[in-house]
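>>> I'll drop the sequence and a predicted model, then ask my questions.
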Amino acid sequence: MTALLDLFKTMEYGPAPESPAAVNAWLDEHGRKFGLFINNEWVKPKGTKYYSSYNPATGELIAETAQAEKKDVDSAVAAARTAFESWSKTPGVIRARYMYAVARNIQKHHRLLAVLESMDNGKPIRESRDVDVPLLARHFYYYAGWAQLMETELHDYQSVGVIGQIIPWNFPLMMLAWKIAPAIAMGNAVVLKPASYTRLSALLFAEVIAEAGLPPGVVNIITGSGKAGEMIVTHPGVDKIAFTGSTEIGRTLRHLTAGSGKKISLELGGKSPVVVFEDADLDAAVEGVVDAIWFNQGQVCCAGSRLIVQENIAPRFIQKLKTRMGHLRVGDSLDKAIDMGAIVDKSQWDTVDYWVKMGEKEGGDVFQPDIPLPGKGLFYKPTLITGLDPAASTVQEEIFGPVLVSLTFRTPEEAIALANNTRYGLGGSVWSDNINLALDAASKIKAGAMWVNCHNVFDAAAGFGGYRESGFGREGGREGLFEYVRPKWMARPQPELASLGLDPATNTPAKKMTWGEHTPARPARPEAGRANGHGLPPVDRTPKMYIGGKQVRPDGAYTLAVHDAKGQVVGQVGDGNRKDIREAVEAAHAAHLSKPGWAMRHGYNRSQILYFIAENLDARNAEFVRRIVEMTGRRQKSAQAEVDAAVERLFTYAAYADKYGGTIQETTLRGITVAVHEPVGVIGIACPDDYPLLGFVSLMAPAIARGNTVVMIPSQKYPLSATDFYQVLDTSDVPGGVVNIVTGDRDHLTKTLVQHEDVDAVWYFGPAEGSYWVEYESAANMKRTWVGYGLPRDWVDRGQGEGHEFLHEATQVKNIWVPTGE
Ligand code: NDP
């Protein structure tokens, strides 16, 4: 009786081990040695090197897997290329049938997949069984539906081609699902490389899809090192790269693909905040913190690794948290009764330990509960570090382990400022029983996924992806489809970059960057002087720059002559420099953030302003036509068509200003998941030379319609339509700083924009070489880019010059998860 009472008091329970027998049998069947999976077959690798996979919870060798070499990558890409030809032409309804079959087969092999995942990665079986594998199946079901609907819902789009996918080790199966399911749904074929630490579940998955009857070559799995990853990325037969992993490697991949015309999506690191307000249900919030940071041993890209708690409740909350930490069970990943398993690899264990010691060095108080760890295996205690400065490296850097740092705040404004005080922006949660406060904070924290009173909730129906240095592109939801399609009219861009002499291994030019260097022009007054015909000095009509709603002189006081088709000077514009760009960016930021900033205005208000711009442009229709004829030498009719199209385009985006705000996502959450289409921020836009007015308007209008503020670099050759345009802006109630116009050398000005830390995206419609540099240089702070590679686009055609592609580039999707019910 006493023993029973004791048990009741301590609530101790014994181990509940899951059997590895089925997995061992599968491994033995393969002789514990795996080749590559190409064309639905096991292929012996060309090289002789193998990599050993260990169970991090026990240290046991599980199996050996091939190290792919160049020839192996070539065969996988070739297989995918061939499969793509037929798979992309297979009707969506048939692709859907295959995907349903894969989803069902995943469910059939659920247990085997989950056990293998836990053995290879070290994660608790409870998580692989209840989260990872169910989400794997869910993604195939969900995207099977999109395969079915592609022809009706995405009729303006086509498949991209062969997709190279590189995934990390923290959620091997889930990451694979996030990547493969949308890709093949949209008719693409895939070459996927799992992370070295966790290769095995991808290989088992390969057999699952082959058994389900997916046609050969649609999915190929290549194991290998980071070098093999690079070979996939640089392979000319690959049309898009999808990567999840560290920001550092993400940056390398951005460099490697710059200018190539390959699409790329990057899901990178994070340091996500968990904000606990004084009125939160503290016990629920403690459980939320457990889910946020100790799920998967904290090896989660959106782990809630920064606790930000209101000062007046902090001592009580931290005490509760410490008590809870004392009840976490750390142990063998196959024990169904544990909360935390093993760290994936010794090197990651060392990294975690390094950061904990660093936290101590930086003045933090390190707390680790007095709980037992197994005698062997890579286990690490749940760790809390309090008392750190917000600028401490332990607070700023991603640790990727079971380590939580904690800060305090007094006011909601301070909480939001602390939450946003990071270069990342992947996820975050807010805890409060005040719905107004919770939703306000969730909308102000800059991150791709925000959870209200929950954390780390995922579903295939809602996209996931980052802001800022957490990368760009979305995985999941309808928004995730656009990574795997291309507008129907557009062929795969094949930019001509021979002049750069790029080294194929590094994708860098042999010579130093001279792009964007510019010497201001000498005076061009004589021709201009003769123009008035009566010998008197002419009245200077050089248009100024347009910054912060004011006409300002260029900082350098230099001008550029504008010539007509016959080479005659028809005007002068300011020759902008770095300082002009910096000032324009500052003005754009001020307009974005001022109260109420442009982004915070109602779409209704923005639409009225756009209608007003359209009307005012139309009122000066003849003048704009004359200007285009004068600069370009084109016929009156063609110039008239351009101005009419520009007016129409403004009407189009006035319409979209309050009709592209987002959707309700049909996720599995009991509650509401809202996809909000937020503005990207400050966008720098370099306009094309063809269609000096229409090109300018087609890019400016979607950006400002969706709440961005812009720094426009008009056509370098024909800038006068843009400088005339600021008079239209001035008379249309556009707040100062929303549209800034800096004239001058396009590449010189773009270089400053793309290197500017406070510019969120750059759109560039200049030559291929400039497109290369924009993509290359954007890697410094991982800004989003959209470039034209110097390829033709018919700006008059509505299919090419307006619509979803533009709105997509002008927005980023934030999913806000709000559970409902008591
Ligand atoms: P990496 O970014 O190095 O690896 C991710 C994937 O990229 C792996 O498949 C890796 O292969 C591959 N890879 C490595 N180098 C290259 C390359 N040059 N070209 C192409 N592919 C490459 O992450 P790690 O696994 O090394 O983890 C390092 C840190 O990254 C962690 O401590 C954590 O902070 C962060 N991280 C973040 C993740 C996230 O989801 N945000 C996920 C994983 C890690 P291989 O495994 O063979 O090296």
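Here it is on my side, so go on.
>>> Which residue does the stretch 451-600 of the chain have closest to the ligand?
residue 470 (7.5 Å; CB to the nearest ligand atom). Bear in mind the C-beta positions are built from the backbone N, C-alpha and C, glycine included.
>>> actually the stretch 301-450 of the chain, not the one I wrote
For the stretch 301-450 of the chain, CB to the nearest ligand atom, closest residue to the ligand: residue 301, 2.9 Å.
>>> Next, that residue: secondary structure please.
At residue 301 the chain is in coil, as set by DSSP: H, G, I helix; E, B strand; the rest coil.
>>> Pretty sure it sits against residue 170.
Yes. With contact defined as CB atoms under 8 Å, residue 301 reaches residue 170; the gap is 7.1 Å.
>>> Tell me the secondary structure at residue 175.
Under three-state DSSP, residue 175 comes out as helix.
>>> contacting residues for it?
167-168, 244 (CB atoms under 8 Å, 6 or more residues apart in numbering).
>>> Also residue 261?
Residue 261 makes contacts with 492-495, 789, as judged by CB under 8 Å, 6+ apart.
>>> List the buried residues for stretch 543-553?
Residues of stretch 543-553 classed as buried by neighbour count (16 or more other CB atoms under 10 Å): 543-549, 552.
>>> out of those residues, what pair is the most spread apart?
543 and 548 (16.0 Å; CB to CB).
>>> could you pull out the strands for the stretch 401-550 of the chain?
Secondary structure of the stretch 401-550 of the chain by DSSP state E, counting those that start in this stretch: the strands cover 403-409, 427-431, 449-452, 471-472, 485-487, 502-503, 508-509, 545-547, 550-552.
>>> again with the stretch 651-800 of the chain
According to DSSP E, counting those that start in this stretch, the strands that the stretch 651-800 of the chain contains are 662-665, 671-679, 682-686, 709-713, 739-741, 761-764, 784-787.
>>> mean confidence score for the first one?
Strand 662-665 carries an average pLDDT of 97.
>>> Over to stretch 150-161?
pLDDT averaged over stretch 150-161 gives 97.
>>> now swap in stretch 358-369 and tell me
98.
>>> same deal with stretch 417-431?
Mean predicted confidence for stretch 417-431 is 97.
>>> Over to stretch 714-723?
96.
>>> and residue 581, what element?
Using DSSP states H and E, residue 581 sits within helix 578-593.
>>> Okay, buried residues for that helix please.
Under 16+ other CB under 10 Å, the buried positions of helix 578-593 are 578, 580-589, 591-593.
>>> quick one on the thing from earlier: tally of neighbours for the residue of the stretch 301-450 of the chain closest to the ligand?
25 (other CB atoms under 10 Å).
>>> For the residue nearest to it when sequence neighbours are not counted, list the residues it contacts.
Leaving out its chain neighbours, the residue that sits closest to residue 301 by CB to CB, 6 or more residues apart in numbering is residue 270, at 5.2 Å. By CB under 8 Å, 6+ apart, the contact set of residue 270 is 301-303, 305, 398, 424-427, 466, 470.
>>> List the contacts of the nearest residue to residue 552 once chain neighbours are set aside.
Leaving aside its sequence neighbours, residue 552 sits nearest to residue 545 (CB to CB, 6+ apart; 5.2 Å). Contact analysis of residue 545 by CB under 8 Å, 6+ apart lists 551-554, 574, 576, 580, 584, 740-743.
>>> Farthest-apart pair in these, please.
553 and 740 (14.4 Å).
>>> Turn the contacts of residue 261 into JSON lines, including pLDDT, distance to the ligand and neighbour count.
Formatted as JSON lines, these follow (pLDDT from 0 to 100; distance: CB to the nearest ligand atom, whole Å; neighbours: other CB atoms under 10 Å):
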{"residue": "492", "pLDDT": "97", "distance to the ligand": "21", "neighbour count": "13"}
{"residue": "493", "pLDDT": "97", "distance to the ligand": "22", "neighbour count": "19"}
{"residue": "494", "pLDDT": "95", "distance to the ligand": "22", "neighbour count": "12"}
{"residue": "495", "pLDDT": "96", "distance to the ligand": "22", "neighbour count": "19"}
{"residue": "789", "pLDDT": "98", "distance to the ligand": "23", "neighbour count": "22"}
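>>> of those, closest to residue 239?
Out of the contacts of residue 261, the member with the shortest distance to residue 239 (by CB to CB) is residue 492, at 5.7 Å.
>>> Verify the stated contact: that closest one with residue 260.
No. Taking contacts as CB under 8 Å, residue 492 lies outside contact range of residue 260: 10.3 Å.
>>> hey, what's in contact with both of those two?
With CB under 8 Å, 6+ apart, residue 492 and residue 260 have no common neighbours.
>>> quick one: low-confidence parts of the stretch 451-600 of the chain?
Applying pLDDT under 70 to the stretch 451-600 of the chain flags residues 522-540.
>>> Strands along the stretch 51-200 of the chain, start to end?
With DSSP E, counting those that start in this stretch as the criterion, the stretch 51-200 of the chain has strands spanning 61-66, 157-159, 162-166, 189-193.
>>> Any chance of CSV for these, columns mean neighbour count and distance to the ligand?
CSV is the format used below for the strands of the stretch 51-200 of the chain (neighbours: other CB atoms under 10 Å; distance: least, CB to the nearest ligand atom, whole Å):
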stretch, mean neighbour count, distance to the ligand
strand 61-66, 20, 10
strand 157-159, 20, 23
strand 162-166, 28, 5
strand 189-193, 28, 6
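>>> For residue 817, find the nearest of the ones you listed.
strand 162-166 (25.9 Å).
>>> Strand 189-193 and the closest one, what's the angle between them?
20 degrees (axes from the mean of the first three to the mean of the last three CA atoms, to 10 degrees).
>>> Quick check: neighbours of strand 162-166 in the sheet, parallel or antiparallel?
According to DSSP bridges, strand 162-166 forms sheet pairs with strand 189-193 (parallel), strand 240-244 (parallel).
>>> tell me which residues in the following helix or strand past the last one are buried?
Downstream of strand 240-244, the next assigned helix or strand under DSSP H and E is helix 247-257. Using 16+ other CB under 10 Å as the test for burial, helix 247-257 gives 247, 249-257.
>>> Repeat that for stretch 565-581.
For stretch 565-581, by 16+ other CB under 10 Å, it's 569-578, 580-581.
>>> Stretch 800-811 too?
For stretch 800-811, by 16+ other CB under 10 Å, it's 800-802, 805-811.
>>> got it, and stretch 716-733?
Under 16+ other CB under 10 Å, the buried positions of stretch 716-733 are 716, 718-726, 728-729, 732.
>>> mind listing what the closest residue to residue 103 other than its chain neighbours touches?
Leaving aside its sequence neighbours, residue 103 sits nearest to residue 140 (CB to CB, 6+ apart; 3.6 Å). By CB under 8 Å, 6+ apart, the contact set of residue 140 is 99-100, 102-103, 106, 177, 181.
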